[in-house]
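K.L.:
got a sequence here, can you model it:
(2 chains)
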Number of protein chains: 2
Amino acid sequence: MTTPDPHATDHGNLIHTQGVTAPLGFRAAGIAAGIKASGKPDLALVLNEGPEYAAAGVFTSNQVKAAPVLWSQQVLKSGRVRAVILNSGGANACTGPGGFQDTHKTAEELAAALSNWGTETGAGEIAVCSTGLIGDRLPMDKLIPAVTEIVHEMGGGMSGGSDAAHAIMTTDTVPKESAFHHEDKWNVGGMAKGAGMLAPSLATMLVVLTTDAVATPEQLDRALRKATKYTFDRLDVDGSCSTNDTVLLLANGASGVAPSQDDLDAAVFTVCDDLAAQLMADAEGVTKRVTVTVTGAASEDEALIAARAVARDSLVKTALFGSDPNWGRVLAAVGIAPITLNPDRIAVSFNGNPVCVDSVGAPGAREVDLSGADIAVLIELHVGEGTAMVRTTDLSHAYVEENSAYSS
Amino acid sequence: MTTPDPHATDHGNLIHTQGVTAPLGFRAAGIAAGIKASGKPDLALVLNEGPEYAAAGVFTSNQVKAAPVLWSQQVLKSGRVRAVILNSGGANACTGPGGFQDTHKTAEELAAALSNWGTETGAGEIAVCSTGLIGDRLPMDKLIPAVTEIVHEMGGGMSGGSDAAHAIMTTDTVPKESAFHHEDKWNVGGMAKGAGMLAPSLATMLVVLTTDAVATPEQLDRALRKATKYTFDRLDVDGSCSTNDTVLLLANGASGVAPSQDDLDAAVFTVCDDLAAQLMADAEGVTKRVTVTVTGAASEDEALIAARAVARDSLVKTALFGSDPNWGRVLAAVGIAPITLNPDRIAVSFNGNPVCVDSVGAPGAREVDLSGADIAVLIELHVGEGTAMVRTTDLSHAYVEENSAYSS
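P.N.:
This next block holds a predicted model:
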């Protein structure tokens, strides 16, 4: 099995309105710390109440890493996390040694506040995530007092998770939450933010996942890497990630249930897949939700390269925005991909309608109706057995508008 | 010397209003054959009157190649071309064996028409270029009679070259011509079309260059490859070329002058560089002309990879459209490039204003004025000595508009 079983839901229920506090033993909160000029919520906290504190993380592959990424990578080496503090309103990236000290100071303040509140915690057990504009220092005069405030705000119910999901939004229009309740009485919950995901640069994607399953850091790491490979990493392009991208998975064993690795993999995949679909649907300026599937490639890797080449092609994306079944642009994009091709055997279909067979237009290809919001592009290479799917979006006026005015 | 000498103009004059008929012994024409529904000119002819017929060509690296590319690649193997026939209004790409037969038939018709006109010609001496929508067969009932008509229309003066430059336009708003008159009494002329050149897919670029210098096909090939490497190939991205991209260089020796290889290289480079600048300035929906220069990379190749990563980044391009000096997006884009980086030593400047030093924002960085039409992005990596420059454009509303409605 390469792709995790997408049918975990056969053994439980997926609920979109619950998030990180759906599993037992997690608290969360979201408040307005004053980092955002708008006064909207901008600080979130997720606390693991134990009894265990196992954790795993996946971070950006960008060589330019934000201070909170450098910090959290160190923290995750221990495989142990008690709490995650996340801010929107500033990425704390490209801020030099001073920016790293700000992250360190934030973790120390939270550790002190949690200890005062009755949960003895060290700064080295606290992961930090930031999202927002690159290059500016965080307003620590506002952030530090807010760290104590948010500890007092923490609630134990669903509202805490929802408040946290709201507080990490940047250009997101809706919060993203998902929870899976396994029939064997253990649970996985999650929240995500990330809106500008058109190729070739992801805007920051932050994801926090929680589970009350009993699991070691190694088991969590395997489940998380397997899930992200087929979900967040295939949301357009994984090679193109921001300075701040972070996906964390925390486990406390509060359910007392130790699922098999396969069951854990499937549940984590299910929540990640649901969150990835929500991220795509709320991408900046999106008017179309697009899946690009390549079959018949020489290998899965080559299928993925081809799918990404199409998914990131501006001429394909603008055509889809215009509901234009311009399949020639799909062939031109595939032809650029550095993979094994038979240029005379490529087939393309849009939403199940063949538009190109053996690299030549099919009858009626120009009349295919793509006016709906969902477009499935299928490309058959007839070279081998490799298959891969990538999620992407169209390239719209709203995308240009939003991204040309972001920092000003 | 890696980059050809850009100061060839020290030894002659560059004139933007002359094109392929500027050198001695070339005729050209452009007419409306009725391929375009608009009735605008859509068929161009460039004829080499000899005494020599040496030629070289550079073609798309796309694995999906249009019929005229497959045909012309065969023709160019002989190093001999008498005439080039070019049509806009249809790419004749992804048209199968029937499309290739159409190209063959066009060359045969032109050979016959030229022979009747008094210039004994074989189909194997005729290069064919096409540009327009991918996937439709050409209207041969209109094209074939027009091939005879255009032979009769050929003029010997400047107007012929200008008519040809007009006839190859698609979404171009102006024709592109350039001619260099060397002080030693030999000349290079050229015309180009190509408008949608935003990453990651070039719309078709067609270029025909002519010279009355005495030169062998091998000399022409060297000059052409050297020139295209530093001009058309660095117009955003060369790995991302269309199904039809073609650059041809024809020489007839009519001047009687045999320049040195270096002089030939420099003159061909000068005309290509000028045409590339014209192509960038007229790119679809462009409001900014952008150069991205990377210095201090581990090698020239790595500098080029980094420059392309920035030049094709949608978040960088939308920021530039908004005149927003959002240097953080430049760092994020550089960080994705698979090259040797010191993430703490990157410097960025916009139009000579330092906005980022040692990967941290410079004072006043957010206030740099980018409201003008030209933006020079300089990225210093401080790793080695490699340098490269790429030309690109912003990503504007007009780009989305034009490309979302192209085939419909």
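K.L.:
where in the stretch 301-408 of chain A is pLDDT low?
P.N.:
Scanning the stretch 301-408 of chain A with the threshold set as pLDDT under 70 gives A:399, A:402-408.
K.L.:
for chain B, what is the nearest residue in it?
P.N.:
Residue nearest to chain B within the stretch 301-408 of chain A: residue A:328 (2.5 Å; Cβ to the nearest Cβ). Where C-beta positions appear, they are placed from N, C-alpha and C, glycine not excepted.
K.L.:
got the contact list for that residue?
P.N.:
A:361, B:91, B:93-94, B:133-135, B:243, B:407 (Cβ atoms under 8 Å, 6 or more residues apart in numbering or on different chains).
K.L.:
would you turn these into TSV with neighbour count?
P.N.:
TSV is the format used below for the contacts of residue A:328 (neighbours: other Cβ atoms under 10 Å in any protein chain shown):
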residue	neighbour count
A:361	22
B:91	30
B:93	31
B:94	29
B:133	17
B:134	27
B:135	27
B:243	30
B:407	19
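K.L.:
and those residues, which is closest to residue B:73?
P.N.:
residue B:243 (12.9 Å; Cβ to Cβ).
K.L.:
hmm, residue B:61 and that closest one touching each other?
P.N.:
No. Applying Cβ atoms under 8 Å, one finds residue B:243 not in contact with residue B:61, separated by 10.8 Å.
K.L.:
just the element for residue A:190, please.
P.N.:
Using DSSP states H and E, residue A:190 maps to strand A:186-193.
K.L.:
parallel or antiparallel, list what pairs with that strand.
P.N.:
The pairing partners recorded for strand A:186-193 under DSSP bridges are strand A:176-182 (antiparallel), strand A:206-211 (antiparallel).
K.L.:
residues making contact with the shortest one?
P.N.:
Think strand A:206-211. Against strand A:206-211 from outside (Cβ under 8 Å, 6+ apart): A:20-23, A:26, A:46, A:48, A:84, A:86, A:129, A:131, A:164, A:168, A:186-194, A:220, A:224, A:232, A:244-252, A:264, A:267-268, A:271-272, A:275.
K.L.:
can we see that at 6 Å?
P.N.:
A:20, A:23, A:26, A:46, A:84, A:129, A:131, A:168, A:188-193, A:246-251 (Cβ atoms under 6 Å, 6 or more residues apart in numbering or on different chains).
K.L.:
just the buried ones from these?
P.N.:
Of the members of the contacts of strand A:206-211, the ones counted as buried by neighbours, 16 or more other Cβ atoms under 10 Å in any protein chain shown, are A:20, A:23, A:26, A:46, A:84, A:129, A:131, A:168, A:188-193, A:246-251.
K.L.:
just the residues you listed: which are in strands?
P.N.:
Using DSSP state E, the subset of the buried ones among the contacts of strand A:206-211 located in strands is A:26, A:46, A:84, A:129, A:188-193, A:246-251.
K.L.:
reformat the strands paired with strand A:186-193 as JSON lines; add mean neighbour count and mean pLDDT.
P.N.:
Formatted as JSON lines, these follow (neighbours: other Cβ atoms under 10 Å in any protein chain shown; pLDDT from 0 to 100):
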{"stretch": "strand A:176-182", "mean neighbour count": "25", "mean pLDDT": "96"}
{"stretch": "strand A:206-211", "mean neighbour count": "31", "mean pLDDT": "97"}
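K.L.:
dump these to JSON lines, plus distance to residue B:68.
P.N.:
Below are these laid out as JSON lines (distance: least, Cβ to Cβ, whole Å):
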{"stretch": "strand A:176-182", "distance to residue B:68": "49"}
{"stretch": "strand A:206-211", "distance to residue B:68": "49"}
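K.L.:
indicate the residue of the stretch 1-150 of chain A located nearest to chain B.
P.N.:
Closest to chain B within the stretch 1-150 of chain A is residue A:134: 2.5 Å, counting by Cβ to the nearest Cβ.
K.L.:
can you name the residues bridging to residue A:297?
P.N.:
residue A:386.
K.L.:
could I get the full set of helices for the stretch 201-350 of chain A?
P.N.:
A:217-230, A:261-281, A:300-311, A:314-321, A:327-336 (DSSP state H, counting those that start in this stretch).
K.L.:
just want the angle from the last one to helix A:314-321.
P.N.:
Same thing as helix A:327-336. Per axes from the mean of the first three to the mean of the last three Cα atoms, to 10 degrees, the angle that helix A:327-336 makes with helix A:314-321 is 150 degrees.
K.L.:
now do helix A:327-336: distance to the chain's middle.
P.N.:
For helix A:327-336, the separation from the chain centroid amounts to 28 Å (computed by Cα atoms, centre = their mean, to the nearest Å).
K.L.:
can you get me the start-to-end distance on stretch A:333-352?
P.N.:
Length of stretch A:333-352, first residue to last, Cα to Cα, to the nearest Å: 20 Å.
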